[in-house]
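Engineer: Fold the following and give me the result.
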Amino acid sequence: MAEITIGFNNMRSVKFHLDSGVTSCTCGCESMCCNPVSRSGTAVGVVICQSVHHTYSRNTHLWETALCPIPSGTNWHALKCIRGDCESCGFQLVPLCEMEVDPANEKELEWRKFEMVIAGKTKTGDPKKVIRLEYKRTSARVFLQFAASKIPQFIIHQHTARWQDVQYKACLANLQPGEVMSLIDFAENYSFKGQDEIQSQHWYNFQLTILVHITYSVNPSFNVLDPKSKRLKTDYFYYISDDKIHDSLFVQHCLNIHWKSLRDVGKTPTRHIIWSDGCSAQFKCATAWFYVSK
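Structural biologist: Numbers count the residues shown, from 1 in each chain. Coordinates of the predicted model:
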């Protein structure tokens with residue numbers, strides 16, 4: 001989405017809409033040129049080109065233009081708008097200049113997108129493909145066709161990320177005495193490699209699994225009058241193993257170790273809240289729920 005936003009801003013450059021040395025705009029499009037940023041009201045006649053002012057400093061500012069306004073009394077868009085079930089929402093709401101959708105406009109803009117490209121061959125001779133950020137120079141219509149297919153997908157993704165961020169902060173702020181809140185996820189496997197390895201070492205390396213576990217609990221020594229005192233106490237746990245199978249049983253084993261460590265220091269939490277990346281094979285499958293039920 002960041003690349004699409006940059007592409008929109010490139011498309012809104014004055015050079016794309018007008019020829020060199022010309023600043024007036026006569027296309028008369030209602031979305032931009034008839035709504036000058038420098039003054040209020042509708043423009044009449046020839047005005048200074050306004051396209052360069054209709055850019056987006058954040059990705060959110062772009063995709064929110066494709067949705068209905070946020071209802072009063074809430075900070076969130078309607079769920080049917082987020083899911084794409086609203087007939088009033090859609091890419092057609094994004095303000096576009098007539099020159100950007102004009103088939104006769106042969107001017108090109110530069111934009112980028114991630115795509116699968118061929119990068120050599122495998123050992124068996126088959127094409128080797130990798131995802132790479134590729135530069136494109138196309139007309140505005142080609143770019144807009146690509147953006148129109150991607151923005152609806154990003155809307156629900158971005159909404160979910162914002163919702164989870166708000167819920168996480170609320171969960172942390174409302175943590176009560178006797179409760180423990182955990183952040184847990186697997187780090188990338190650590191590979192033991194020498195900086196200046198000999199050729200025979202290149203074909204073999206030893207790896208370890210690292211599970212990172214951060215816990216928060218209410219600090220019993222918290223002093224409201226002391227500005228340096230913190231309400232929450234943070235503990236860090238790292239589980240290191242040569243078992244490279246990142247499954248639910250590995251997570252359960254580590255959580256049992258963590259629970260035992262709490263019991264050994266005389267703590268018995270009344271509630272354990274766990275935040276994870278939601279991997280089904282590690283945290284969300286039936287095996288994990290059966291573990292919780294016990």
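Engineer: Residue ranges in the stretch 101-250 of the chain under the pLDDT threshold?
Structural biologist: 194-205 (pLDDT under 70).
Engineer: the strands in it, which residues?
Structural biologist: 108-121, 127-139, 179-186, 190-192, 206-218, 232-241 (DSSP state E, counting those that start in this stretch).
Engineer: centre of the chain versus the longest helix along the chain, how much separation?
Structural biologist: Counting residues, the longest helix in the chain under DSSP state H turns out to be helix 140-173. Distance of helix 140-173 from its chain centroid, counting by C-alpha atoms, centre = their mean, to the nearest Å, is 7 Å.
Engineer: Could you say which of the strands of the stretch 101-250 of the chain is packed most deeply?
Structural biologist: strand 179-186 (a mean of 18; mean count of other C-beta atoms under 10 Å). For the C-beta atoms, the positions are set from N, CA and C on the backbone; glycine is no exception.
Engineer: Going along the chain, name the helices of the stretch 1-150 of the chain.
Structural biologist: Counting by DSSP state H, counting those that start in this stretch, the stretch 1-150 of the chain has helices at residues 2-11, 14-17, 59-63, 79-83, 98-101, 140-173.
Engineer: re the thing from before, which one of the strands of the stretch 101-250 of the chain lies closest to Ser280?
Structural biologist: Taking C-beta to C-beta, strand 179-186 is the member of the strands of the stretch 101-250 of the chain nearest to Ser280, at 13.7 Å.
Engineer: mind listing what the closest one pairs with, with the direction of each?
Structural biologist: strand 206-218 (antiparallel), strand 271-275 (parallel) (DSSP bridges).
Engineer: what's in contact with the longest one?
Structural biologist: Going back to what we said before, that points to strand 206-218. Outside strand 206-218, the residues that touch it by C-beta atoms under 8 Å, 6 or more residues apart in numbering are 172, 175-192, 231-244, 246, 250-251, 254, 258, 269.
Engineer: Return the distance of that strand from the chain's centre.
Structural biologist: Taking C-alpha atoms, centre = their mean, one finds strand 206-218 lying 23 Å from the centre of the chain it belongs to.
Engineer: can you list the domains in this protein?
Structural biologist: 2-168, 175-293 (automatic domain parsing).
Engineer: Kindly provide the distance from the nearest residue to Arg137 once chain neighbours are set aside to Gln92.
Structural biologist: Excluding its sequence neighbours, the residue lying closest to Arg137 (C-beta to C-beta, 6 or more residues apart in numbering) is Glu108, at 4.8 Å. Distance, Glu108 to Gln92, by C-beta to C-beta, to the nearest Å: 24 Å.
Engineer: What of Gln164?
Structural biologist: Distance from Gln164 to Gln92, by C-beta to C-beta: 29 Å.
Engineer: of those two, who's got more company?
Structural biologist: A count of neighbours by other C-beta atoms under 10 Å puts Gln164 above the other of Gln164 and Gln92, at 12 against 9.
Engineer: one step back: buried stuff in the longest helix of the chain?
Structural biologist: Neighbour counts over helix 140-173 (16 or more other C-beta atoms under 10 Å) mark 140, 143-144, 146-147, 151-152, 154-155, 158-159 as buried.
Engineer: nearest to Ile48, of those?
Structural biologist: Of all these, Ala140 has the smallest distance to Ile48: 20.6 Å, by C-beta to C-beta.
Engineer: I'd say that closest one and His17 touch.
Structural biologist: No - Ala140 lies out of contact with His17 (C-beta atoms under 8 Å); the separation is 9.6 Å.
Engineer: Could you name every residue contacting both of the two?
Structural biologist: Common neighbours of Ala140 and His17 (C-beta under 8 Å, 6+ apart) are 99-100.
Engineer: Now do the contacts for the residue minimising distance to the centre of the chain.
Structural biologist: Nearest to the mean C-alpha position of the chain, by C-alpha atoms, centre = their mean, lies Gln158 at 6.1 Å. Contacts here follow C-beta under 8 Å, 6+ apart; on that basis Gln158 touches 1, 59-60, 63.
Engineer: Distance to Gly7 added to these, as JSON lines?
Structural biologist: Converted to JSON lines, the contacts of Gln158 look like this (distance: C-beta to C-beta, whole Å):
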{"residue": "Met1", "distance to Gly7": "10"}
{"residue": "Asn59", "distance to Gly7": "12"}
{"residue": "Thr60", "distance to Gly7": "16"}
{"residue": "Trp63", "distance to Gly7": "13"}
